[in-house]
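Engineer: Everything below, folded, please.
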Amino acid sequence: MKKNIINNETGNVVKASVMNSITIDCVIFGFQNTKLEILLVKHAMGIRKGEWGLPGGWIKKEESIDDAANRLLQELTGIEDIFLEQLKAFGAPDRFPAGRIITIGYYALVNTEKYDIKAGYTASEVAWFAIDEIPDLIYDHDEILQVSLKQLRRRVRQAPIGFNLLPEKFTLLQLMQLYEEILGLTMDKPNFRRKFLRMKLLVDLKKKEKNVSHRAAKLYRFDDDIYQKLTEKGFNFEF
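Structural biologist: Here you go, the predicted structure:
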């Protein structure tokens with residue numbers, strides 16, 4: 001027997017026979033103030049009103065899943081024109097209380113300074129949260145987040161990372177702090193420096209930080225060509 005259920009994104013009653021059974025959820029990583037962060041939205045309506053979750057929602061009949069991911073992210077947070085990488089499908093029978101709903105997870109890395117986030121569509125708020133200060137999330141969104149974080153940790157050991165997370169000019173300390181945040185490790189600074197400089201991935205800008213209270217450090221940028229080659233070729237980078 002088919003039952004009517006609540007569409008959590010709109011609060012409307014939808015017949016189970018015609019309700020979309022596939023959704024999208026996006027994990028957006030950012031890095032600021034030495035902290036790895038996650039972008040979350042607070043629901044403005046439906047049975048989860050007032051609760052925090054990953055940006056996501058229903059796929060329209062006429063759109064691809066990639067198009068749906070980009071549309072939903074833009075509608076809910078104001079972020080657009082970024083590369084979203086598909087993670088995996090999450091389809092536990094009990095992940096959605098009102099029926100069998102499968103969600104496709106996506107994740108992306110963004111420089112938080114480049115985007116002005118703005119809540120829209122069915123979100124009342126949108127905010128960055130430090131990875132160690134995540135509130136309780138709806139449904140299985142914590143599982144989706146943890147799977148994304150594991151994928152990010154694998155990636156950081158196999159390809160360069162930071163191009164989409166750091167400012168254009170950065171210090172070696174900022175780069176090391178990013179890796180420490182992602183991996184949850186405390187690193188030896190001289191060893192980290194040697195390994196990175198040996199890869200020829202960084203360009204010394206012959207400049208130092210300005211307007212800092214501590215001793216000014218050298219500024220670097222990524223070498224675009226080498227970054228691209230290492231991203232395609234990959235490597236085994238152990239710490």
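
Engineer: Please name the strands paired to the longest strand anywhere in the chain in the sheet, noting orientation.
Structural biologist: When the chain is parsed with DSSP state E, its longest strand is strand 22-32. Sheet pairing of strand 22-32 (DSSP bridges) gives strand 35-43 (antiparallel), strand 56-58 (antiparallel), strand 102-109 (parallel).

Engineer: Whatever helix or strand comes next after the last one versus strand 35-43: what angle between them?
Structural biologist: To tie it back to what came earlier, the one meant is strand 102-109. As assigned by DSSP states H and E, the chain's next helix or strand after strand 102-109 is strand 123-130. Here strand 123-130 runs at an angle of 160 degrees relative to strand 35-43 (axes from the mean of the first three to the mean of the last three C-alpha atoms, to 10 degrees).

Engineer: Distance from the chain centre to the next helix or strand along the chain from strand 123-130, please.
Structural biologist: Next helix or strand after strand 123-130 toward the C-terminus (DSSP H and E): helix 141-158. For helix 141-158, the separation from the chain centroid amounts to 9 Å (computed by C-alpha atoms, centre = their mean, to the nearest Å).

Engineer: quick check: domain ranges of the chain?
Structural biologist: Listed domain ranges for the chain are 4-142, 158-233 (source: automatic domain parsing).

Engineer: Out of those domains, which one sits most buried?
Structural biologist: Neighbour counts (mean count of other C-beta atoms under 10 Å) averaged over each of the domains of the chain peak at domain 4-142, with a mean of 17. The way it works is simple: take the backbone N, C-alpha and C, and place the C-beta from them, glycine included.

Engineer: Let's see stretch 69-84 as CSV, backbone CA atoms only.
Structural biologist: Below are the C-alpha coordinates for stretch 69-84, written out as CSV (Å, rounded to 0.1, in the frame of the first residue of the first chain):
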residue,chain,number,x,y,z
ALA,A,69,24.3,19.1,-7.5
ASN,A,70,25.5,22.4,-8.8
ARG,A,71,21.9,23.9,-8.9
LEU,A,72,21.2,22.9,-5.3
LEU,A,73,24.4,24.2,-4.0
GLN,A,74,23.9,27.6,-5.7
GLU,A,75,20.2,27.8,-4.6
LEU,A,76,21.0,26.9,-1.0
THR,A,77,24.3,28.7,-0.4
GLY,A,78,25.1,31.1,-3.3
ILE,A,79,28.2,29.1,-4.2
GLU,A,80,28.5,28.4,-8.0
ASP,A,81,30.9,27.5,-10.7
ILE,A,82,33.0,25.0,-8.7
PHE,A,83,34.1,21.5,-9.5
LEU,A,84,32.0,19.0,-7.5
